[in-house]
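Visitor: Provided below for reference: sequence and predicted model.
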Amino acid sequence: MAGVLLSEAEKTFILHGVQNDLRNDGRSKQDYRPIELEMDIVTHANGSARVRLANTDILVGVKTEIDVPKSDQPNQGKIEFFVDCSANATPEFEGKGGEDLATEISNFLRSSFASPLSFDLKTLCILKGVQCWILYVDILILECGGNLFDAVSLAVKAALHNTMVPNVETVAMDGGNVDLQLSGDPYDCWRLDITNIPCLVTLTKIGEHLIVDPTAEEEECSMASLVLAVTENGRINSICKTSVGSLHPQTLSDALKVGAEVGVGLNKALKEALAREEKRLQADKPERFGFLK
Amino acid sequence: MQNIKIRLASERVSTSLTFGEEGAPQLFTPGETITDNQRVMSGHGTYMDEENKDVLKASVAGTIERVNQLICVRPIKCRYMGEIGDVVVGRITEVQQKRWKVDTNARLDSVLLISSVNLPGGELRRRSAEDEQMMRKYLQEGDLVSAEVQSVFSDGSLSLHTRSLKYGKLSQGVLVKVPPSLILRRKNHFHNLLCGASVILGNNGLVWIYPTSPEDDSGVGGFTQNLEQVIDKEDRERIARLRNCVLAITASKLMLFDSSIQYAFEESLNYSIKELLTPEVMLDVAFRTRHRLQAYKDS
């Protein structure tokens, strides 16, 4: 992770702050920093979203393409995650510097989407065993201000919500070849079902306490973090531990309880924001804000 | 129970306080024509147009400064340009032979020579080889120091010194980074604020907020760090509030000095500390602070 230098005294100050349930910016242990969301800002993608969580900036684009399903899962589509750590975020990402982090994030996203209970790949099937949709989810990390996982998952969920998959009009088999006829109308699309897609919640252990939404400085003070994939109704899909430290079994069970609760809140907030943004986009000629203003 | 709120980009609030107001300083963007008067001289941040030699244009985004015929544009956001005598806050990035490298938010790392620090023991003595071997004991990578700019090298990098009890290693507190152009140059950059905490306003845009220590007035000098000391909750609340206030008023481009911080602190008391992270509240605090500063200036 993009490290920041901190002196021992600053670390002590942060540590004591967490013990007092008053962090450096006045938040308590379970508060998030302000989050900003915008959908449909990349015109060339089928779906896109940008999430800014304080200083963490994530841009996600979803592209749909037609592919051949895997032979062992003939009636399922595919989803692929690709994370790109821009060297704009921190000079450490230059060259291959961000590769480890990128693989870590994309692997965890893949595992949290793996269960049919979180995302049903069957909906992406066009013709069993022959044709299916593949979703390429491209994640671009533009700025790192701590808590990458949570911000990435919010942006991914929003971008998938925004994704328009073209309707297939006719499927004709011509010998061994498949002839697909896509709808000519660009607005003739269907949307993905994102209800059960999980949001990631990072719980960072500082001292004996668990905090959510750590800043880059707080991440520097922690020995271990736990990332949970939590769905709307509080089900934990997937879990992984980042960085080097270890966790006590008791801490782990506490973390699961806290994480599920926070995850439900996060999903609810996202759902509400998505509905509002959707309403705005449906208006005539919605304005795009992006990085300006 | 936490209350998470996700905002939309369309609901973003503008942080500008003076937009469209009369008397607001005019901002120039790079490439914008400043004047076509042939008698002016081109200063920092400006250039003469290639095709039309009479036209002076801005090369950075900022406000104009005019001394007789000389026109400069002072950028709003830039790296710190050091001047001799400035108070700076910096972070040690490297320990080398006879010197520390310090990140002061300038274009190049600054140097702090071992001969320009007051070593523990106090008396002026020759720096021995042992002192050089002990350098990491005094200051190691990541440590924060307050210092003064002693000289500027020809390449623009700075040489610092801490030869006063005011300067030295910083202990517990919070560092806030703001644009250097928003720090008002004053005689004194060390303040014990009325609200019960202290700040060092580094000319380089790094602001250090720390609890006021009751016993010594000598400031933060020396090389000691008390890691056992636990700062009580009231002090911590004041520091967190000050941190958010500093960020609020600098987001709206108000100058930072002792009274602007104090006013912002007082105006922010209507809100809880974490409310100060939301853009609307930040704007409101900045607006009220500006109002009070103007009222004080008019009276």
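Guide: Yep, that arrived.

Visitor: low-scoring stretches of chain A, by residue?
Guide: Within chain A, the segments meeting pLDDT under 70 span A:1-3, A:292-293.

Visitor: cool, the stretch 101-250 of chain B as well?
Guide: Using pLDDT under 70, the flagged stretches of the stretch 101-250 of chain B are B:120-126, B:214-225.

Visitor: shouldn't residue A:135 be within a helix?
Guide: No. Counting by DSSP: H, G, I helix; E, B strand; the rest coil, residue A:135 is not part of a helix but strand.

Visitor: show the contacting residues for it.
Guide: Applying CB atoms under 8 Å, 6 or more residues apart in numbering or on different chains, we find residue A:135 in contact with A:62-64, A:77-80, A:124, A:160, A:163. Heads up, the C-betas are built off the backbone N, CA and C, glycines and all.

Visitor: wait, residue B:8 sits on residue A:277?
Guide: Yes. Using CB atoms under 8 Å, residue B:8 is in contact with residue A:277, at 5.3 Å.

Visitor: residue closest to the middle of chain B?
Guide: residue B:205 (2.0 Å; CA atoms, centre = their mean).

Visitor: and that residue, how far from residue B:150?
Guide: 19 Å (CB to CB, to the nearest Å).

Visitor: same deal with residue B:129?
Guide: Residue B:129 sits 24 Å away from residue B:150, going by CB to CB.

Visitor: these two: who's more crowded?
Guide: Remark: of residue B:129 and residue B:150, residue B:150 carries more neighbours, 19 against 7, as counted by other CB atoms under 10 Å in any protein chain shown.

Visitor: hang on, isn't the residue nearest to the centre of chain B packed against residue B:175?
Guide: No. Residue B:205 lies out of contact with residue B:175 (CB under 8 Å); the separation is 10.8 Å.

Visitor: so who does whatever residue of chain A ends up closest to chain B touch?
Guide: Relative to chain B, the nearest point of chain A is residue A:26 (2.9 Å; CB to the nearest CB). Neighbour list for residue A:26: B:237, B:240-241, B:243-244, B:272-274, B:276-277 [criterion: CB under 8 Å, 6+ apart].

Visitor: buried subset of the residues you listed?
Guide: For these, a burial check counting by 16 or more other CB atoms under 10 Å in any protein chain shown picks out B:237, B:240-241, B:243-244, B:273-274, B:276-277.

Visitor: ok, of these, which one's closest to chain A?
Guide: Using CB to the nearest CB, the buried ones among the contacts of residue A:26 come closest to chain A at residue B:273, 2.9 Å.

Visitor: which SS state does the closest residue to that closest one other than its chain neighbours fall under?
Guide: Distances taken as CB to CB, 6 or more residues apart in numbering or on different chains place residue A:26 nearest to residue B:273, at 2.9 Å, with adjacent residues excluded. The three-state label given to residue A:26 by three-state DSSP is coil.

Visitor: so what's the residue count around the closest residue to residue B:32 other than its chain neighbours?
Guide: Among residues not flanking residue B:32 along the chain, residue B:58 sits closest, at 5.2 Å (CB to CB, 6+ apart). Per other CB under 10 Å, the neighbour tally for residue B:58 reads 23.

Visitor: can you check the one 10 residues further on too?
Guide: Around residue B:68 sit 7 other residues, with neighbours defined as other CB under 10 Å.

Visitor: I'd like the distance between it and residue B:41.
Guide: 8 Å.

Visitor: can you show me the strands along chain A?
Guide: All strands of chain A, identified by DSSP state E, fall at A:35-39, A:47-53, A:56-67, A:78-85, A:125-127, A:131-143, A:164-166, A:168-174, A:177-182, A:189-191, A:199-206, A:209-212, A:224-230, A:236-242.

Visitor: repeat for the stretch 51-200 of chain B
Guide: Here the stretch 51-200 of chain B has its strands, by DSSP state E, counting those that start in this stretch, at B:56-58, B:62-67, B:70-75, B:87-96, B:99-103, B:110-117, B:144-152, B:158-162, B:168-169, B:174-177, B:190-192, B:197-201.

Visitor: quickly compare the ones you listed and say which is most buried.
Guide: strand B:197-201 (a mean of 25; mean count of other CB atoms under 10 Å in any protein chain shown).

Visitor: quick one: it near chain A?
Guide: No. Strand B:197-201 stays clear of chain A (CB under 8 Å from any CB of the partner chain), getting no nearer than 12.7 Å.

Visitor: next secondary structure after that strand?
Guide: strand B:206-211 (DSSP states H and E).

Visitor: which residues of chain B fall in helices?
Guide: Per DSSP state H, chain B carries helices over the ranges B:129-133, B:135-138, B:233-251, B:258-267, B:279-298.

Visitor: mind listing what's buried in the second one?
Guide: Read it as helix B:135-138. B:135, B:138.

Visitor: which residues of the stretch 101-250 of chain A lie near chain B?
Guide: Within the stretch 101-250 of chain A, the residues that sit near chain B (CB under 8 Å from any CB) are A:154, A:212.

Visitor: hang on, residue A:139 packs against residue A:158?
Guide: No. With contact defined as CB under 8 Å, residue A:139 and residue A:158 do not form a contacting pair (11.8 Å).

Visitor: who touches both of the two?
Guide: residue A:60.

Visitor: my guess is residue B:71 meets residue B:34, correct?
Guide: Yes. Assessed by CB under 8 Å, residue B:71 is found in contact with residue B:34 at 6.2 Å.

Visitor: list residues touching both of the two?
Guide: B:46, B:56, B:64.

Visitor: and residue B:247, how far is that from residue A:211?
Guide: As judged by CB to CB, residue B:247 and residue A:211 stand 20 Å apart.

Visitor: tell me which of residue B:8 and residue A:277 has more neighbours.
Guide: Shown here are residue B:8 and residue A:277; by other CB under 10 Å, residue A:277 has more neighbours (24 against 17).

Visitor: what number of residues lie near residue A:23?
Guide: Residue A:23, neighbours per other CB under 10 Å, totals 24.

Visitor: mind listing what it touches?
Guide: A:14, A:17, A:29, A:31, A:211, A:218, B:240.

Visitor: dig out what the fifth one forms beta bridges with.
Guide: Right, the one you point to is residue A:211. Following DSSP bridges, residue A:211 is listed with bridge partners residue A:204.
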